[in-house]
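Visitor: test case, fold it:
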Amino acid sequence: PYLNGSSCAFVAATGRMTCATVTRGGLTIMSSVAYTNAAGTVQTAFDTLTTNTVNTQISITGTQTRRDSSTSTVADSSNRTVGGLAKGSTQHTVNGTAIGNETTNGKDSTGTFVAVRIATDTTSGIIVPVSDTGRTYPTAGKIIRSMSVTLTYTGKTPQVSTEREVITYNGTNTATLVITQNGTTKTCTLPLPFGKPT
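Guide: Numbers count the residues shown, from 1 in each chain. From the prediction side, this is the model:
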């Protein structure tokens, strides 16, 4: 929604379409997008026939006051590149990173607290075949998501919770999902294109 049409303009110095800054609910949202053809040449706009790669960058910063009067300060950013979009391409590729930080100061029936949440995502080497005959799914690549929450009440020991998920695609119709939660690891299988991990 923050890369929409008329609010974005091409900047020759950066080779990117830079979009107007959006301020909403105490948050400032900045975004830009870059287009290149199969030869890597920068394009000033998306072309349905020749644009091969799209890179999108978004950042969100600011502080919000919640309904319970607690305040949350956030600093989120993402950088994602999708390739293989030009007409005739046989596969799409996806690579990217994202990180989100949120610090909440508040008070509840237990007392005054500070909650710090951190989440990171890394998408690397994802390959999705192009098909006009049915649903496709990644045949290669890896997605890693790490999350942590630290909750500290005044005068008490911090409580820490962590989780890390790794999905690996290996060219078959079953991906591997490894989940590590607070030091305990489980390895699961994930049916493709849809299905519940087991």
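Visitor: grab the nearest non-local neighbour of Ala86.
Guide: Excluding its sequence neighbours, the residue lying closest to Ala86 (C-beta to C-beta, 6 or more residues apart in numbering) is Asn52, at 3.9 Å. Every residue, glycine included, has its C-beta placed from N, CA and C.
Visitor: the one you found in helix, strand or coil?
Guide: Following DSSP: H, G, I helix; E, B strand; the rest coil, we place Asn52 in the strand state.
Visitor: for Gly83, give me its contacts.
Guide: Contacts for Gly83 (C-beta atoms under 8 Å, 6 or more residues apart in numbering) come out as 52-53, 92-94.
Visitor: the closest residue to Gly40 other than its chain neighbours: what's it in contact with?
Guide: Excluding the flanking residues, the one nearest Gly40 by C-beta to C-beta, 6+ apart is Thr53, at 7.9 Å. Thr53 is in contact with 35-37, 40, 81-85, counting by C-beta under 8 Å, 6+ apart.
Visitor: which ones among the residues you listed are found in strands?
Guide: 35-37, 81-83 (DSSP state E).
Visitor: now a ChimeraX select for only the buried ones of those.
Guide: Applying 16 or more other C-beta atoms under 10 Å to the ones in strands among the contacts of Thr53, the buried members can be selected in ChimeraX as follows:
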select :35,36,37,81,82,83
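Visitor: find me the pLDDT at Thr152, would you?
Guide: The confidence metric pLDDT takes the value 97 at Thr152.
Visitor: cool, Gly134 as well?
Guide: pLDDT at Gly134 comes out at 81.
Visitor: including distance to Thr18 and pLDDT, could the contacts of Thr53 go into a markdown table?
Guide: Listed next are the contacts of Thr53 as a markdown table, based on distance: C-beta to C-beta, whole Å; pLDDT from 0 to 100:
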| residue | distance to Thr18 | pLDDT |
| --- | --- | --- |
| Tyr35 | 13 | 97 |
| Thr36 | 16 | 97 |
| Asn37 | 20 | 97 |
| Gly40 | 20 | 95 |
| Thr81 | 17 | 98 |
| Val82 | 19 | 98 |
| Gly83 | 21 | 98 |
| Gly84 | 25 | 97 |
| Leu85 | 21 | 96 |
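Visitor: for the lowest-mean-pLDDT helix or strand in the chain, buried residues please.
Guide: Sorting the helices and strands of the chain by mean pLDDT, DSSP states H and E puts strand 22-24 at the bottom, at a mean of 90. By neighbour count with 16+ other C-beta under 10 Å, strand 22-24 contains no buried residues.
Visitor: how far is that strand from where the chain is centred?
Guide: 20 Å (C-alpha atoms, centre = their mean, to the nearest Å).
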